[in-house]
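J.: everything below, folded, please.
(chains A and B)
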There are 2 protein chains.
Amino acid sequence: MEELLKWNGWGYKDSRFLVKDGIIHFSGSRYPIGELSLPYFTQWVEDVLGVDLSKPHTSKDQPVEEECPYPLISNDNYKQIVHLNVPFSTKGIDRLMRAHGHTVYDIYTLKESFFDRIPDVVLWPSCHGDVVKIVDAADKNNMVVIPFGGGTSVTGAVECPKDEMRTIISLDTSQMNKILWVDRENLVICCESGIIGQDLERELHTMGFTVGHEPDSYEFSSLGGWVATRASGMKKNTYGNIEDLLVHVKMVTPKGVLEKNCQVPRMSCGPDFNHIVLGSEGCLGVITEVILKIRPLPKMKKYGSVVFPDFESGVRCMREVAKQRCQPASIRLMDNAQFKFGQSLRPVPGYFGLIFDGLKKLYIKKIKGFNFDSICVMTLLFEGDVKDVQMQEKKIYEIGSKFGGIPAGQTNGERGYMLTFVIAYIRVGFLIFRNPRFMICI
Amino acid sequence: MEELLKWNGWGYKDSRFLVKDGIIHFSGSRYPIGELSLPYFTQWVEDVLGVDLSKPHTSKDQPVEEECPYPLISNDNYKQIVHLNVPFSTKGIDRLMRAHGHTVYDIYTLKESFFDRIPDVVLWPSCHGDVVKIVDAADKNNMVVIPFGGGTSVTGAVECPKDEMRTIISLDTSQMNKILWVDRENLVICCESGIIGQDLERELHTMGFTVGHEPDSYEFSSLGGWVATRASGMKKNTYGNIEDLLVHVKMVTPKGVLEKNCQVPRMSCGPDFNHIVLGSEGCLGVITEVILKIRPLPKMKKYGSVVFPDFESGVRCMREVAKQRCQPASIRLMDNAQFKFGQSLRPVPGYFGLIFDGLKKLYIKKIKGFNFDSICVMTLLFEGDVKDVQMQEKKIYEIGSKFGGIPAGQTNGERGYMLTFVIAYIRVGFLIFRNPRFMICI
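T.: From the prediction side, this is the model:
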């Protein structure tokens, strides 16, 4: 995985924004906007952000070994680490890549300067037992352990404290990525914590199941990270957030392994320590194994959208949907700026496309009396049996129409969700093509 | 409320089993089986339990003051309690009534002997501030506080430790029973913890709302108790368990008041201390105020039932419903013994009733080939909009038919749920009319 990813920005190396002949393109074939020329987006960037695309900003090259700080590690501690018999590295680039998450601050620092403190050694345990050994050795030898999963943290949880003088171990869970067992009868799955979201879902799909947890980071974030950050997914209305999916979690702490000794999804008696592990951000221990609920794959998956004359109407519709508790798998409201931004990501249309586009625009603008500069869009994702989906659609579109909304098709809906996966790429793009006025706040 | 309830058994004084002319009756008009002669039930009790109804067991009378142990309370502590300016009592019967919950052990002890230790003083705070004063005084003066809500605990949480030599305060929340505010926009309600389930729902219904939390004890149990015991309700499939309904909780501990300083229903960051309060059974502090989610009252409420040829078919159907996640508000499977027991609670039929009954029995027995001694029943409760309910019904009955189930009408369903409210009365009845062979295990 590591070889495929950028060292100083979000996601895959082959997927990024480029400017050719003054027009923005997105490279690679991984995303729907890949290998496409994006003239509307180009215009939007120039008009709305005032960016001069002819002047890309060049950022720092990947640092060579000599530029990285020497690891703070005594000979004794080094011996302890060798003795663990767990793969490790003290190379600068390995340590730098685990010194940060993916906040704007993190990426800006990578591109422009350097972190005050980075881990001293990276360890790659391959199982729960390895983690027990590492945490035990760290505890006995006064070393710090920072668990590291997919590295997509936006909370600062993997940041090394500036003044930390003890040896900092970055415990990388990427090699603990196995599905340990699947219980098709009780619909639960047990995995090691390092498994990445898209890998977990790919495996499960081949068996006819899904977890249904899709945070925006789901291509790169790990199961352990989901639990440690109490993650929410865009389909949580149907599948629940990670705390609803979590049946059992094993966490290695310096005081021993914390886990319940049964797998029931709920116990009335006593405090629920799952909720102490959830959101603990790696501060209390290292999550090694997780049991999650799974479901049979939905028979149908369908996008949708509703256009409203203004944001207020959209908000009132969303409130009514919430009141009636009939949220489909995902429902989001984009304001006018977001809507225009999403629209700008469409490729060059052919001749017929143009006319069709124009007609639709006319329809919305003139016939319905909607103003393109005030409309907003609700994007929808329905999942379930065919009948369920039909019923859900009917209900949502009925409520929508009460607030002046008109169905605006599947494409607008799908584009909205595609945005969640490319948004972090776009941010990285804006660190290259900048409006200097906007850099003040960083 | 207290005057209406039995001192040594479940529920209302006016609602209990009596034997007239060898036939069991249930007194009072509070329940569907009230003021009815129950010949089938009489037969069932004699046949299945081998009880001789002509020999009721007489239990202890309510103890007089002299029979109750003297309260363990020093003059200094007594002064502290007087100084609190909160209503209190050291009367034996007040203390005895708060020395127990409603396990069989508790009720048997009341009827036959006495508890080893009962609280020394009962206090009735009227607001959060009173509780703060009480807990503070207890902490400073080495007294024990046991919070007491509806008194329906079945976990032993209100039991006084036998060897406790410190003064035990029973903190009775019954006077803290106000709805503090209702937010119709955000659909949340803030209540004092002592409010009783049925009172809360009655008030909310007049405003067009419901919480939808219905544990079997809901007529008598308190909101604070629901949170402290992490209660589940029979309609949890639609409304969620108490942890799903809980937005905010205020708990008075000896170290101060524990509460979140915002009312959002979910926070990703950090451990969720609501889940430490939930299930804490009064051990960590006194719950004083609770904010819960509410919903508009459902437009439709409908019972239903499905009869299966045997228990195994019923179980397989339930698993399929769980797999498809299409549980209605409530769904329960009664085995053959429970089914017969439920059937026995029907009143004397008229002539036509008898024939109709007989026909239905014949239909199930002969035409469908079902055996009355192996059939089991799934009871159902649907809630929602008319269309939702129709859709839910269709789905459940379709799944049911795949496992050989046939719809068996609303009455059978309703009888099943009625049972949940009378079951504790029945237990008390069996402590009066006993088969001595069955007493061994108590």
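J.: output the lowest mean pLDDT helix or strand found in chain A.
T.: helix A:351-362 (a mean of 52; mean pLDDT, DSSP states H and E).
J.: now the element after that helix, going C-ward?
T.: As assigned by DSSP states H and E, the chain's next helix or strand after helix A:351-362 is strand A:376-384.
J.: continuing past that next one, what's the next helix or strand?
T.: Assigned by DSSP H and E, the successor of strand A:376-384 is helix A:386-402.
J.: and that next one with helix B:386-402, angle?
T.: With axes from the mean of the first three to the mean of the last three C-alpha atoms, to 10 degrees defining the directions, helix A:386-402 sits at 180 degrees from helix B:386-402.
J.: so helix A:386-402, near chain B or not?
T.: Yes. Contact of helix A:386-402 with chain B (C-beta under 8 Å from any C-beta of the partner chain) involves A:387, A:391. Every C-beta, even on glycine, is put in place using the N, C-alpha and C of the backbone.
J.: quick check, distance from that helix to the centre of its chain.
T.: Offset of helix A:386-402 from its chain centre (C-alpha atoms, centre = their mean, to the nearest Å): 29 Å.
J.: could you do stretch A:273-290 as well?
T.: Centroid separation for stretch A:273-290 versus its chain: 19 Å, with C-alpha atoms, centre = their mean.
J.: mind listing the strands in the stretch 101-250 of chain A by residue range?
T.: With DSSP state E, counting those that start in this stretch as the definition, the stretch 101-250 of chain A shows strands at residue ranges A:121-123, A:144-148, A:168-172, A:179-183, A:188-192, A:209-210, A:246-253.
J.: so where's chain A shaky on pLDDT?
T.: By pLDDT under 70, the weakly predicted segments of chain A are A:1, A:349-368, A:435-442.
J.: nearest residue to the middle of it?
T.: When C-alpha atoms, centre = their mean is applied to chain A, the residue found nearest the centroid is residue A:217 (1.1 Å).
J.: for that residue, give me its contacts.
T.: Residues near residue A:217 by C-beta atoms under 8 Å, 6 or more residues apart in numbering or on different chains: A:102, A:150, A:152, A:197, A:424.
J.: the second one and residue A:225: what is the separation?
T.: Distance of residue A:150 to residue A:225, given as C-beta to C-beta, to the nearest Å: 5 Å.
J.: the more surrounded of the two?
T.: Taking other C-beta atoms under 10 Å in any protein chain shown, residue A:150 and residue A:225 do not tie; residue A:225 has more neighbours (31 against 25).
J.: how about the contacts made by residue A:128?
T.: By C-beta under 8 Å, 6+ apart, the residues touching residue A:128 are A:176, A:192, A:250, A:252, A:288, A:289.
J.: now those residues in CSV, with neighbour count and distance to residue B:171?
T.: Putting the contacts of residue A:128 into CSV (neighbours: other C-beta atoms under 10 Å in any protein chain shown; distance: C-beta to C-beta, whole Å) gives the following:
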residue, neighbour count, distance to residue B:171
A:176, 27, 48
A:192, 25, 47
A:250, 21, 38
A:252, 28, 40
A:288, 26, 42
A:289, 23, 42
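J.: so among the contacts of residue A:217, which ones count as buried?
T.: Among the contacts of residue A:217, those buried by neighbour count (16 or more other C-beta atoms under 10 Å in any protein chain shown) are A:102, A:150, A:152, A:197, A:424.
J.: so which of those residues are in helices?
T.: A:197, A:424 (DSSP state H).
J.: which one of the buried ones among the contacts of residue A:217 sits closest to chain B?
T.: Nearest to chain B among these: residue A:152, at 13.7 Å, using C-beta to the nearest C-beta.
J.: reformat the strands of the stretch 101-250 of chain A as JSON lines; add distance to chain B.
T.: Listed next are those as JSON lines, based on distance: least, C-beta to the nearest C-beta, whole Å:
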{"stretch": "strand A:121-123", "distance to chain B": "26"}
{"stretch": "strand A:144-148", "distance to chain B": "16"}
{"stretch": "strand A:168-172", "distance to chain B": "21"}
{"stretch": "strand A:179-183", "distance to chain B": "13"}
{"stretch": "strand A:188-192", "distance to chain B": "12"}
{"stretch": "strand A:209-210", "distance to chain B": "11"}
{"stretch": "strand A:246-253", "distance to chain B": "12"}
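J.: name the residue of chain A that lies nearest to chain B.
T.: Closest to chain B within chain A is residue A:275: 3.5 Å, counting by C-beta to the nearest C-beta.
J.: the closest residue to residue A:97 other than its chain neighbours and residue A:25: what is the separation?
T.: Using C-beta to C-beta, 6 or more residues apart in numbering or on different chains and skipping the chain neighbours, the partner closest in space to residue A:97 is residue A:7 (6.2 Å). To residue A:25, residue A:7 is 22 Å away according to C-beta to C-beta.
J.: mind checking which of these two has more residues around it?
T.: Comparing residue A:7 with residue A:25 by other C-beta under 10 Å, the one with more neighbours is residue A:25, at 18 against 13.
J.: isn't that one up against residue A:15?
T.: No. Applying C-beta atoms under 8 Å, one finds residue A:25 not in contact with residue A:15, separated by 11.2 Å.
J.: can you tell me which residues in chain A are near chain B?
T.: Taking C-beta under 8 Å from any C-beta as the contact definition, chain A meets chain B at A:155, A:187, A:229-232, A:241, A:243, A:266-272, A:274-281, A:295-296, A:322-325, A:385, A:387, A:391.
J.: would you list the buried entries among the residues you listed?
T.: Listed as buried from these are A:155, A:187, A:229-232, A:241, A:243, A:268, A:271-272, A:274-281, A:295, A:324, A:391; burial here means 16+ other C-beta under 10 Å.
J.: helix, strand or coil: sort out residue A:279 for me.
T.: Look at residue A:279: counting by DSSP: H, G, I helix; E, B strand; the rest coil, its state is coil.
J.: excluding its backbone neighbours, what's nearest residue A:238?
T.: In space, residue A:238 is closest to residue A:329, 4.1 Å off (C-beta to C-beta, 6+ apart).
J.: likewise for residue A:239?
T.: Nearest non-adjacent residue to residue A:239 (C-beta to C-beta, 6+ apart): residue A:212, at 3.2 Å.
J.: list the contacts for the one you found?
T.: Neighbouring residues of residue A:212 by C-beta under 8 Å, 6+ apart: A:233, A:235, A:238, A:239, A:245, A:295, A:329, A:383.
J.: so which of the residues you listed belong to helices?
T.: Those of the contacts of residue A:212 mapping onto helices are A:238, A:239, A:245, per DSSP H.
J.: same list (these) but as TSV, adding neighbour count.
T.: TSV is the format used below for these (neighbours: other C-beta atoms under 10 Å in any protein chain shown):
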residue	neighbour count
A:238	20
A:239	23
A:245	25
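J.: tell me the bridge partners for residue A:287.
T.: residue A:251 (DSSP bridges).
J.: which ones are touching it?
T.: A:147, A:193, A:224, A:227, A:228, A:249, A:250, A:251, A:277.
J.: do that again at 10 Å, thanks
T.: A:131, A:147, A:149, A:173, A:176, A:192-194, A:222-228, A:249-252, A:258, A:277-278, A:280 (C-beta atoms under 10 Å, 6 or more residues apart in numbering or on different chains).
J.: measure it to residue A:246 for me?
T.: Counting by C-beta to C-beta - residue A:287 and residue A:246 are separated by 10 Å.
J.: so what sits against both of the two?
T.: Residues touching both residue A:287 and residue A:246 (C-beta under 10 Å, 6+ apart): A:223, A:226, A:227, A:277, A:278.
J.: how about the second one, nearest residue that isn't a chain neighbour?
T.: Spelled out, it's residue A:226. Distances taken as C-beta to C-beta, 6+ apart put residue A:242 closest to residue A:226, at 4.7 Å, once the chain neighbours are dropped.
J.: the one you found: neighbour count?
T.: Counted with other C-beta under 10 Å, residues neighbouring residue A:242 total 26.
J.: same check on the one 4 residues further on?
T.: Using other C-beta under 10 Å as the criterion, residue A:246 is surrounded by 23 other residues.
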